[in-house]
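A.B. asks: turn this into a structure:
(chains A and B)
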Amino acid sequence: MKIRIKTFSIVRDVLGFDEKELTVSDEIAVTDVMTLLVKCYPGLLPIMNTLLYARNEEYCRTDTVLEDEDTLAIFPHVSGG
Amino acid sequence: MKKVIIQKEEIDLRDCVERLGNAADGAVVTFTGRARNASGDKKVEYLEYDIYNGMAIREMERIVDEASDRWALGSCMVVHRYGKISIGEASVFIGVSSPHREESFASARYIIDEIKHRVPIWKKEYYAGGSQWVQPPPKP
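C.D. replies: Modelled structure (predicted):
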């Protein structure tokens, strides 16, 4: 199945992309996606504990399981206003 | 009237205020967040806002709905900018109206606090010698 990764703020700086499609064999939890990403982008590790996640534009937890065609957004705590 | 807008262009504050209120409203309260020229001991040259557009709109609409459920509001308008913001320019505008002032003051405060806590928008400060993403303070 395919999921889309979106990144914002410092996460985009660290990963070097704002959007990427990931092909995985089966349903996958957010935490597993992050494990995969850290292997390819170790620069993510120092900020891992500060990150927030959204599945299809709704905040989600790290144990949320993603389904085919889902979009996972990864970003730090917000600072608008 | 409930309105949420995300835009790159400057906010027309006068136009926003004129759109607020109706004959039953005795109070209009507005909050304008502006780009300031200093952050701690650093001189800020300008700001840049990154935004998750679809989710940000939805989250701000949710906050406005929550405020409208909690207080009797005649109108409510929220405008947030993204992209480059020069010093002194408005980055966010919140305007509410209600029959009495208590509801307007309380709801405007609620809306800006929730925006700063929940809406996926990120601020980056640019200085003479570099730039830095802003770390939000812990929620009181």
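A.B. asks: tell me the backbone dihedrals of A:Leu45, please.
C.D. replies: Per-residue torsions, A:Leu45: phi -50, psi -50 (degrees, to the nearest 10).
A.B. asks: return the residues in contact with it.
C.D. replies: For A:Leu45, the contact set (Cβ atoms under 8 Å, 6 or more residues apart in numbering or on different chains) comprises A:Val38. (Glycine included, C-beta is placed from N, CA and C.)
A.B. asks: next one: it relative to chain B, how far apart?
C.D. replies: Look at A:Leu45 and chain B: by Cβ to the nearest Cβ, to the nearest Å, they are 17 Å apart.
A.B. asks: up against chain B, what does chain A have?
C.D. replies: By the rule Cβ under 8 Å from any Cβ of the partner chain, the part of chain A lying against chain B is A:6, A:8-10, A:12-13, A:54, A:57-58, A:73, A:75-81.
A.B. asks: shouldn't B:Arg109 be within a strand?
C.D. replies: No. Going by DSSP: H, G, I helix; E, B strand; the rest coil, the assignment for B:Arg109 is helix, not a strand.
A.B. asks: roughly how far apart are it and B:Val29?
C.D. replies: Separation of B:Arg109 from B:Val29 (Cβ to Cβ, to the nearest Å): 9 Å.
A.B. asks: contact partners of stretch A:64-73?
C.D. replies: Counting by Cβ under 8 Å, 6+ apart, A:1-8, A:27-30, A:33, A:53-57, B:52, B:55, B:120 sit against stretch A:64-73.
A.B. asks: could you pull out the buried residues of that stretch?
C.D. replies: For stretch A:64-73, the neighbour count (16 or more other Cβ atoms under 10 Å in any protein chain shown) marks A:Thr64, A:Leu66, A:Asp70, A:Thr71, A:Leu72, A:Ala73 as buried.
A.B. asks: hey, what's the second one bridged with?
C.D. replies: In this structure, A:Leu66 bridges to A:Ile28 when assessed by DSSP bridges.
A.B. asks: repeat that for the fifth one.
C.D. replies: Going by DSSP bridges, A:Leu72 is paired in beta bridges with A:Ile5, A:Arg55.
A.B. asks: measure it to chain B for me?
C.D. replies: 12 Å.
A.B. asks: please apply the same query to A:Leu37.
C.D. replies: Applying Cβ to the nearest Cβ to A:Leu37 and chain B gives a distance of 18 Å.
A.B. asks: OK, contacts around that residue?
C.D. replies: A:Ile5, A:Leu15, A:Leu44, A:Ile74.
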